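# No letters, just coordinates:
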């Protein structure tokens, strides 16, 4: 009789798909299958828009577990906990519960798990506490006050701006001084104090055993770089690394991946260089471009079959990205044929563009398209303000993502307050809002003046009662004089809006560190105001009710009542709709005039345009107004976006909007 003995097994890659529980060959296309069957060593998967990137990740996880790799030795790093949990759940349903034992999560959650074990070697207790973003800003503000930096004669950065500077410094692996010079040059005079405050903030956290989100990544990398023995322990425990959305990694995350890969280099990065659009968060698209150079014999897989869009839409998007200066060559294709080419529409002005979009949406509804199937995308939040007014007039329900609704923004509320006072001098709420913006006016003084204004006998022309109340408050007197004079001027609403903008600008620059961005919204506000002859009519159309629901309420409501999506392109990444409108495709707006200053910024704008276009499944509309005056540059913008260069009539249908009279009563 033969004896059986136990022999310790080690993982040896199998070949082919015979013997697997899942029939990978029948459920994946050839490019996906090749990536899924990749066994050991470094690999980069370039997965184009709509090509089934998530599906590829899920099937590779399942295949690895089927091959006998211990799930606990696999690390899946994603950018949201939700996406990681969803991938592991789907893999578990497809295969079995072993997949849920994979070490999945975000870079930050993985770092926290490791640091709970090793934090003591960095001088922390293992029970260190975490600072969320609000806690971080409040701590920075406390130290800012202790250093008396809030008492300087010149404006010092606010706590949220300082937090952003410190964040970029960590994630880009640059000094605070470099961040200020490159991203916040208007604070150059304060560069030494900002660097001092950052140093104090870091010391404060260590003293009180605290870390913020950035410290998690920074300290994880420090542990692996400074303590080779611990790095070896981690490499022995985590033998296979998978990273999703690699084009969105920052420099620090890229360094962490290199350390985690170790000598075995069993790392697979998945992403699309053409969809790298988050540089403002510190993401560096170079990470995915240079990834193969950091590893030995790195294999590159390209997945190009698109399951989302029709071929005509892909023909146009392929042409858009073809002109990118640095990229992985790929050509998306689809089995979804169509005779419906993308449409590029020139409108006379912004209002005509808005009216066209509204008209088209109403026609699509008649063709049995649900509002949930339609999205309107734009480069910047303020690009939708005029459109929002027309959507409300047409009673089309919508939800806006990325940026706020027009009258929800604080600076637009300020501008509206001026107009409300012109119509009703006793609008105490609007007075109170503006008074609190003035230097030297606190809640007590503002309330005192509101009491005077609310008196039935108060007369804006004869504000004698205010002279005593506002003694020494020159700003208050200037505000009342300005409003009184503006009310008496016989000029159009656009001129009044521009005068208010000029008066308000010093108040805005004192209150907001990002006032340059907000100034764009003010210009849009003035342009919209210019279309009206009555301030009352203008205010009525501007009275868009802000949403009061929680996210849960909105999700619950959306199941019962359909709504249109209007969104910044950044907020639309990863989503899809049957019909997509891209508005303001005008050179100077998209790309913006500032983005055209450097090749790097211009290339990111191109990728942003590409991302917007690839959200469309069945129909794509791209529109732009011509003869638009840009106050910042002093130029009349009339050229369609340069990203449409090369899009000839074989790739898109071109139209010019014309108004015509109907016989309807």
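Everything's here; your move. Since the model is a prediction, treat every value here as computed from it, not as a measurement.
# can you give me the strands in the stretch 101-250 of the chain?
All strands of the stretch 101-250 of the chain, identified by DSSP state E, counting those that start in this stretch, fall at 103-106, 129-131, 210-212, 240-243.
# So in that sheet, which strands flank the first one, and in what orientation?
This points to strand 103-106. strand 74-78 (parallel) (DSSP bridges).
# Any regions of the stretch 101-250 of the chain where pLDDT drops low?
150-153 (pLDDT under 70).
# for it, what spans make up the helices?
Secondary structure of the stretch 101-250 of the chain (DSSP state H, counting those that start in this stretch): helices at 107-118, 133-146, 159-171, 176-183, 191-207, 213-226, 228-237.
# Please identify the deepest-packed of the strands of the stretch 101-250 of the chain.
Of the strands of the stretch 101-250 of the chain, the one with the most neighbours on average (mean count of other CB atoms under 10 Å) is strand 240-243, at a mean of 25. In short, each C-beta sits where N, CA and C put it, glycine included.
# So which other helices or strands are in contact with that one?
Strand 240-243 sits against helix 53-66, strand 74-78, helix 251-261, strand 267-271, with contacts defined as 3 or more CB pairs under 8 Å, 6 or more residues apart in numbering; DSSP states H and E.
# Now find how far off-centre that strand is within its chain.
Here strand 240-243 is found 25 Å from its chain centre; the criterion is CA atoms, centre = their mean, to the nearest Å.
# residues in contact with it?
Defining contact as CB atoms under 8 Å, 6 or more residues apart in numbering, one finds that strand 240-243 is touched by 57, 60-61, 64, 69, 73-77, 249, 257, 260-261, 266-270.
# Please repeat the previous calculation with a cut-off of 6 Å.
Around strand 240-243, the neighbours that count as contacts under CB atoms under 6 Å, 6 or more residues apart in numbering are 74, 75, 76, 77, 257, 260, 261, 266, 267, 268, 269.
# Stretch 648-661 too?
The contact list for stretch 648-661 (CB under 6 Å, 6+ apart) reads 315, 316, 319, 341, 342, 343, 344, 345, 346, 347, 352, 356.
# repeat for stretch 311-320
With contact meaning CB under 6 Å, 6+ apart, stretch 311-320 is reached by 306, 331-332, 334, 337-338, 341-342, 610, 613-614, 616, 620, 643, 646-647, 651-652.
# And the helices in the stretch 451-600 of the chain?
Counting by DSSP H, counting those that start in this stretch, the helices of the stretch 451-600 of the chain are 464-469, 474-488, 493-511, 515-529, 535-542, 551-558, 569-572, 599-613.
# Flag whichever of those has the least confidence on average.
In terms of mean pLDDT, the lowest-scoring of those is helix 551-558 (a mean of 35).
# Tell me, how many residues neighbour residue 518?
For residue 518, the tally of surrounding residues (other CB atoms under 10 Å) stands at 21.
# what about the residue nearest to residue 51 when sequence neighbours are not counted, distance to residue 66?
Nearest residue to residue 51, sequence neighbours excluded (CB to CB, 6 or more residues apart in numbering): residue 303, at 4.4 Å. Separation of residue 303 from residue 66 (CB to CB, to the nearest Å): 21 Å.
# same deal with residue 409?
From residue 409 across to residue 66, the span is 52 Å (CB to CB).
# Show me the longest strand that occurs in this structure.
As assigned by DSSP state E, the longest strand anywhere in the chain is strand 616-625.
# Other residues contacting the helix or strand just after that one?
Later in the chain than strand 616-625, the nearest helix or strand by DSSP states H and E is strand 628-630. The set of residues external to strand 628-630 that reach it, using CB under 6 Å, 6+ apart, is 588, 636, 637.
# Could you pull up the residues touching residue 567?
Contacts of residue 567 by CB under 6 Å, 6+ apart are 377, 401, 402.
# Check the gap between the last one and residue 260 for me.
Relative to residue 260, residue 402 is positioned 32 Å away (criterion: CB to CB).
# Looking at those two, which one has more neighbours?
Each of residue 402 and residue 260 has its neighbours counted (other CB under 10 Å); residue 260 has more, 21 against 16.
# Can you tell me how far the closest residue to the more buried one other than its chain neighbours is from residue 189?
Closest residue to residue 260 apart from its sequence neighbours, by CB to CB, 6+ apart: residue 241 at 5.1 Å. Using CB to CB, we find residue 241 at a distance of 44 Å from residue 189.
# try residue 524
31 Å.
# Looking at the two, which one has more neighbours?
Per other CB under 10 Å, whichever of residue 524 and residue 189 has more neighbours is residue 524, with 20 against 10.
# Now for that one: which residues touch it?
382, 385.
# try 8 Å this time
382, 383, 385, 386 are the contacts of residue 524 under CB under 8 Å, 6+ apart.
# Please apply the same query to residue 334.
Listed by CB under 8 Å, 6+ apart, the contact set of residue 334 reads 305, 306, 307, 308, 309, 310, 311, 314.
# how much space is there between the fifth one and residue 653?
Yep, that's residue 309 we're talking about. Counting by CB to CB - residue 309 and residue 653 are separated by 16 Å.
# same thing with the first one?
Here residue 305 is placed at a distance of 26 Å from residue 653 (CB to CB).
# Of those two, which one has the most company?
The neighbour comparison of residue 305 against residue 653 (other CB under 10 Å) goes to residue 305, with 16 against 12.
# Looks like that one contacts residue 29 (just checking).
Yes: using CB atoms under 8 Å as the test, residue 305 is close enough to residue 29 to be in contact (5.4 Å).
# Now for these two: what residues contact both?
In contact with both residue 305 and residue 29: residue 52, using CB under 8 Å, 6+ apart.
# From the opening residue of stretch 377-384 to its closing one, how far?
Stretch 377-384 has an end-to-end distance of 9 Å (criterion: CA to CA, to the nearest Å).
# Quick one: distance of the longest strand of the chain to the chain centre.
21 Å.
# Residue 302 belongs to a strand, doesn't it?
Yes: Residue 302: assigned to a strand according to DSSP: H, G, I helix; E, B strand; the rest coil.
# That one: what's it in contact with?
Residues near residue 302 by CB under 8 Å, 6+ apart: 31, 45, 46, 48, 328, 330.
# Quick one: these as CSV, columns for secondary structure, distance to residue 19 and neighbour count too.
Converted to CSV, the contacts of residue 302 look like this (DSSP: H, G, I helix; E, B strand; the rest coil; distance: CB to CB, whole Å; neighbours: other CB atoms under 10 Å):
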residue, secondary structure, distance to residue 19, neighbour count
31, helix, 23, 20
45, strand, 24, 28
46, strand, 30, 27
48, coil, 31, 27
328, coil, 34, 15
330, coil, 33, 18
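# Find the pair from those residues with maximum spatial separation.
Distance extremes for the contacts of residue 302: the farthest pair is 31 and 328 at 13.4 Å, using CB to CB.
# Quick check, residue 615 in contact with residue 572.
Yes: with contact defined as CB under 8 Å, residue 615 reaches residue 572; the gap is 5.7 Å.
# in stretch 371-388, what counts as buried?
Neighbour-count burial for stretch 371-388, counted by 16 or more other CB atoms under 10 Å, picks out 371, 373-388.
# cool, stretch 413-422 as well?
Using 16+ other CB under 10 Å as the test for burial, stretch 413-422 gives 414, 415, 416, 417, 418, 419, 420, 421, 422.
# before we move on, what about stretch 510-527?
By neighbour count on 16+ other CB under 10 Å, the buried set for stretch 510-527 is 511-513, 515, 518-527.
# closest to residue 226 among those?
In terms of CB to CB, no member of the buried residues of stretch 510-527 lies closer to residue 226 than residue 513, at 35.6 Å.
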